[in-house]
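**Q** Sequence first, then the predicted structure, then my questions.
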Amino acid sequence: MHIYLPIAELSVNLFFLIGIGGMVGFLSGLFGVGGGFLLTPLLIFSGIPAPVAVASVTAQVVAASTSGAQSYYRRGGIDFQLAFFLIISGVTGSFLGVTVFSALRSVGQLELVISLSYLVFLGAIGTLMLVEAVRTAWRNRDGRPRPHKLPGQHSWIHGLPLRMRFKRSNLYISLLPVLAIGCFIGFLGALLGIGGGFILVPALVYLLRVPGNLVIGTSLVQVLAIMAATTILHAVDSGSVDMLLAFCLMVGSVTGAQFGASLGQRMRGDQLRGLLGLIVLAVALRFAYTLLATPEEVFSVSLPGVTG
């Protein structure tokens with residue numbers, strides 16, 4: 001059964017949209033990420049115009065993150081004080097991201113920038129996560145102790161000024177890296193249609209030393225708030241949010257996120273990071289193929305900023 005998407009200006013199978021929404025929602029709950037890093041490329045590869053895919057996915061990420069965050073809230077797995085500062089800085093980053101998004105769209109370079117950005121960010125982060133997961137697995141197999149620091153121990157980040165105590169996470173760290181991380185995640189979310197959890201989760205673990213039982217829940221709360229703000233900004237600024245598309249994706253994602261959150265509680269951290277790294281790398285390789293492959297129409301005539 002096909003439905004017509006008014007903003008994207010094309011017809012898409014309804015069950016396909018619900019299916020990929022459920023799959024990405026499952027990954028959202030499993031890994032503590034918004035899922036936009038996977039859903040946006042899937043929509044683009046399916047023929048949805050990049051500006052519409054980016055803007056509409058932000059609304060879907062809100063639904064998936066809400067469902068997952070509720071699950072972790074019931075388990076007490078959220079540091080709301082830390083999430084607050086991540087959200088405040090993230091909203092600022094969202095404003096900057098929407099401004100850049102509109103500027104690139106007006107000059108007809110938005111799709112190229114989106115593809116290159118996905119290739120660079122996902123390729124680098126996926127490789128790092130996969131390498132770290134493999135090293136951890138080998139250390140566990142050989143019975144060697146883990147060399148990284150435990151939460152609460154000091155690093156160069158802890159020596160920065162403007163320090164604050166986060167009682168829930170048992171941390172006493174500078175606000176500067178917290179604000180920088182939040183702003184960066186907000187900017188990426190607005191520009192690329194991603195929640196940024198696949199960046200935020202490693203940052204909370206390796207930079208801020210947040211305890212593992214609080215990382216995913218805190219990440220989901222930040223992603224929820226930032227994507228809600230970004231959806232409103234995109235709807236007002238560029239009018240690219242296709243609510244029918246977003247609603248179909250939400251239907252599947254809300255249910256999928258609950259199953260993902262339940263399974264995530266049963267898997268080891270290195271297993272989750274390794275699996276997420278493989279998925280991220282696969283998406284990056286698909287973008288590399290898109291950029292390098294010869295298009296079906298080598299020459300085309302279109303106006304800058306006009307899609308559909």
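**A** On my side now, so go ahead.
**Q** Which residues belonging to the lengthiest helix in the chain are considered buried?
**A** Counting residues, the longest helix in the chain under DSSP state H turns out to be helix 110-142. Neighbour counts over helix 110-142 (16 or more other CB atoms under 10 Å) mark 110-111, 113-115, 118-119, 121-123, 125-126, 129-130, 132-133, 136 as buried. The C-beta positions use only the backbone N, C-alpha and C, and glycine is treated the same way.
**Q** Ok, stretch 230-239 next?
**A** 230-231, 233-235, 238.
**Q** How far off centre is the helix or strand just after the longest helix of the chain?
**A** Using DSSP states H and E, the helix or strand that follows helix 110-142 towards the C-terminus is strand 163-166. In terms of CA atoms, centre = their mean, to the nearest Å, the centre of strand 163-166 is found 26 Å from the chain centre.
**Q** send the alpha carbons of strand 163-166 over as PDB?
**A** The C-alpha coordinates for strand 163-166 follow below in PDB (Å, rounded to 0.1, in the frame of the first residue of the first chain):
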ATOM      1  CA  ARG A 163      34.200  22.800  37.500                       C
ATOM      2  CA  MET A 164      31.000  21.500  38.900                       C
ATOM      3  CA  ARG A 165      29.900  18.500  40.900                       C
ATOM      4  CA  PHE A 166      27.500  16.000  39.300                       C
END
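**Q** mean confidence for it?
**A** Across strand 163-166, pLDDT averages out at 85.
**Q** same thing with stretch 127-147?
**A** Mean pLDDT, stretch 127-147: 70.
**Q** so how far is it from its chain's centroid?
**A** For stretch 127-147, the separation from the chain centroid amounts to 24 Å (computed by CA atoms, centre = their mean).
**Q** And the pLDDT for Phe15?
**A** Looking at Phe15, its pLDDT is 84.
**Q** which other helices and strands contact the helix or strand where it lies?
**A** Here Phe15 sits within helix 14-31, counting by DSSP H and E. Using 3 or more CB pairs under 8 Å, 6 or more residues apart in numbering; DSSP states H and E, the elements in contact with helix 14-31 are strand 2-5, helix 36-45, helix 50-74, helix 197-202, helix 243-264, helix 269-292.
**Q** helices or strands next to the first one in the packing?
**A** Which is strand 2-5. strand 10-13, helix 14-31, helix 243-264.
**Q** please redo it, this time with the cut-off set to 6 Å
**A** The contact analysis (3 or more CB pairs under 6 Å, 6 or more residues apart in numbering; DSSP states H and E) places strand 2-5 against strand 10-13.
**Q** Other residues contacting the strand it packs on?
**A** 2, 4 (CB atoms under 6 Å, 6 or more residues apart in numbering).
**Q** how does it look with 7 Å?
**A** Defining contact as CB atoms under 7 Å, 6 or more residues apart in numbering, one finds that strand 10-13 is touched by 1-5, 47.
**Q** I'd like those as JSON lines, with neighbour count and distance to Val283 appended.
**A** Listed next are the contacts of strand 10-13 as JSON lines, based on neighbours: other CB atoms under 10 Å; distance: CB to CB, whole Å:
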{"residue": "Met1", "neighbour count": "6", "distance to Val283": "28"}
{"residue": "His2", "neighbour count": "11", "distance to Val283": "26"}
{"residue": "Ile3", "neighbour count": "13", "distance to Val283": "26"}
{"residue": "Tyr4", "neighbour count": "10", "distance to Val283": "28"}
{"residue": "Leu5", "neighbour count": "21", "distance to Val283": "22"}
{"residue": "Gly47", "neighbour count": "10", "distance to Val283": "17"}
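**Q** List just the nearest of those residues to Thr58.
**A** Ranked by distance to Thr58 (CB to CB), the contacts of strand 10-13 are led by Leu5 at 15.8 Å.
**Q** Identify the residues contacting that closest one.
**A** Neighbouring residues of Leu5 by CB under 7 Å, 6+ apart: 12, 242, 244-245.
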